[in-house]
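Peer 1: Sequence and predicted structure, then a few things I'm wondering about:
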Amino acid sequence: MTGEASEGLRPSDALRNAVHRYKAGSSDGIRERIFTFAFRGLVYPQIWEDPEVDLRALALKPGARIITIASGGCNVLSYLTADPASILAVDLNRAHVALTRLKLAAAQQLPSYHSFYRFFGEADARANVPAYRRFVRLALDAESRRYWDGRGLLGRRRISLFKRGFYRHGLLGRFIGTAHLVARLHGADPRMMVHARTQSEQRLVFDAELAPLFEKPLVRWLTGKKTSLYGLGIPPAQYEALAGGDAMASVLRERLRRLACDFPLSDNYFAWQAFGRGYAAAAAGPLPPYLRRENFEDMRARAERVAVARTSITQALQARSPNSFDAYVLLDAQDWMTDAQLNGLWGEITRTASPGAGVVFRTAAEATLLPGRVDANILGRWTYEAERSRALTAEDRSSIYGGFHLYRFNG
């Protein structure tokens with residue numbers, strides 16, 4: 001969910017370095033530059049990786065030291081439930097850095113769980129903006145304060161997103177909204193899914209309302225365009241990995257089926273976001289760990305353990321000494337990388353890892369992408385837990401990725 005950088009590059013240059021593979025005048029080059037332009041703003045109002053799968057895979061002990069890509073910040077705060085000593089969250093996207101810092105400041109400064117949940121769970125109440133001004137604004141760093149006080153393309157202050165339905169915005173929120181519109185144009189209603197009471201009913205709704213959409217000419221044409229998935233944060237290079245040689249409509253239908261049918265709605269807040277465009281009303285449904293009442297006080301007390309930086313993970317690691325981290329969460333960033341970038345990253349991970357450290361990441365395709373691309377002298381110091389990775393892929397409720405992968409450092 002973010003790209004990688006070469007040493008010394010500014011974040012904006014680093015994003016271009018991560019995505020751009022072709023000349024600007026070529027058709028592929030034009031698509032890449034459209035993506036980097038779109039990616040400059042808010043992409044993920046909610047991160048689309050399952051933090052509880054991450055935590056089960058890493059099996060962290062209290063006092064662990066974590067480095068992770070920030071994205072929307074949900075998982076950063078959720079990892080605090082594992083009682084780590086520290087979390088370093090990095091991202092190249094200015095909006096994601098500002099959002100993560102906003103969540104951390106709000107956790108510490110808002111007066112109650114109710115006000116915190118209203119802000120980030122409901123995310124559509126007029127009272128959120130006055131609460132920001134009274135409790136949170138002055139606790140932010142100057143750059144994040146400028147971001148949230150600043151205005152978007154339509155002239156509204158960005159903080160007003162939290163009174164206008166935050167999860168309907170950003171590239172992902174608009175992508176989901178467009179998908180709902182296309183479905184309604186074909187006589188289907190994705191919202192019917194959240195009314196299903198059992199997994200049997202979920203399968204019936206999927207078969208009746210959603211599966212037929214992927215046979216429609218408009219849907220097959222749209223999903224066949226690489227630009228159509230920019231709203232999922234998928235650049236052109238990752239599109240090819242996701243397709244895996246198949247028609248994209250068929251791939252997306254299977255991933256959506258997993259999301260809709262493989263987990264009960266009572267346990268899958270990703271499905272609520274996809275089909276209901278928000279969490280269940282009045283916290284009546286599943287929530288990410290950081291939004292659950294029972295975790296609030298621990299999360300509030302531990303929020304000061306998180307540092308957030310606008311940089312790439314490779315650059316962040318270059319500034320650290322050996323034995324600095326026990327856990328690395330790479331999201332799907334490696335799908336974006338060249339072989340040189342992968343080797344630079346894994347060289348730094350290996351240099352800074354503690355004995356037994358874990359690395360988790362996701363890929364659009366099913367297989368791990370490291371063998372044959374990362375130097376064998378580096379990768380040979382790690383053990384790929386293949387069976388455990390397959391089991392955790394099946395447990396990942398977000399369902400959009402082809403594979404979840406766990407590596408352990410041999411020391």
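Peer 2: Arrived safely. Residues are numbered from 1 along each chain as shown.
Peer 1: mind listing the strands in the stretch 201-350 of the chain by residue range?
Peer 2: 306-309, 325-329 (DSSP state E, counting those that start in this stretch).
Peer 1: Quick check: which of those has the most neighbours on average?
Peer 2: strand 325-329 (a mean of 25; mean count of other CB atoms under 10 Å). Heads up, the C-betas are built off the backbone N, CA and C, glycines and all.
Peer 1: chain center to that strand: distance?
Peer 2: 17 Å (CA atoms, centre = their mean, to the nearest Å).
Peer 1: Direction included, what does it pair up with?
Peer 2: Using DSSP bridges, strand 325-329 pairs in its sheet with strand 65-69 (parallel), strand 353-363 (parallel).
Peer 1: okay, A386: pLDDT?
Peer 2: Note on A386: pLDDT of 98.
Peer 1: how far away is it from R146?
Peer 2: Per CB to CB, to the nearest Å, A386 is found 46 Å from R146.
Peer 1: shaky segments in the stretch 101-250 of the chain?
Peer 2: Residues of the stretch 101-250 of the chain meeting the criterion pLDDT under 70: 228-239, 241, 243.
Peer 1: Could you export the strands of the stretch 201-350 of the chain as a markdown table, including distance to E201 and mean pLDDT?
Peer 2: Putting those into a markdown table (distance: least, CB to CB, whole Å; pLDDT from 0 to 100) gives the following:
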| stretch | distance to E201 | mean pLDDT |
| --- | --- | --- |
| strand 306-309 | 40 | 98 |
| strand 325-329 | 34 | 98 |
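Peer 1: Using JSON lines, lay out those strands together with distance to R126.
Peer 2: Rendered in JSON lines, the data for those read as follows (distance: least, CB to CB, whole Å):
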{"stretch": "strand 306-309", "distance to R126": "28"}
{"stretch": "strand 325-329", "distance to R126": "35"}
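Peer 1: which one of the ones you listed lies closest to N268?
Peer 2: strand 325-329 (20.5 Å; CB to CB).
Peer 1: just checking, what packs against the one helix or strand T178 maps to?
Peer 2: Element membership of T178 [criterion: DSSP states H and E] is helix 170-185. With contacts taken as 3 or more CB pairs under 8 Å, 6 or more residues apart in numbering; DSSP states H and E, helix 170-185 sits against helix 217-223.
Peer 1: let's see 10 Å
Peer 2: On a contact count with 3 or more CB pairs under 10 Å, 6 or more residues apart in numbering; DSSP states H and E, helix 170-185 meets helix 94-109, helix 217-223.
Peer 1: Which positions within that helix qualify as buried?
Peer 2: Within helix 170-185, the residues that count as buried by 16 or more other CB atoms under 10 Å are 170-173, 175-177, 179-180, 182-183.
Peer 1: Kindly export it (C-alpha atoms) in CSV.
Peer 2: Taking C-alpha atoms only, helix 170-185 is exported to CSV below (Å, rounded to 0.1, in the frame of the first residue of the first chain):
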residue,chain,number,x,y,z
GLY,A,170,-10.6,8.7,-0.5
LEU,A,171,-9.8,6.6,-3.6
LEU,A,172,-11.1,3.5,-1.9
GLY,A,173,-14.3,5.0,-0.6
ARG,A,174,-15.1,6.4,-4.1
PHE,A,175,-14.2,3.1,-5.7
ILE,A,176,-16.7,1.3,-3.5
GLY,A,177,-19.3,3.9,-4.2
THR,A,178,-18.8,3.6,-7.9
ALA,A,179,-19.1,-0.2,-7.7
HIS,A,180,-22.4,0.2,-5.9
LEU,A,181,-23.6,2.6,-8.6
VAL,A,182,-22.7,0.2,-11.4
ALA,A,183,-24.5,-2.6,-9.5
ARG,A,184,-27.6,-0.6,-9.1
LEU,A,185,-27.5,0.3,-12.8
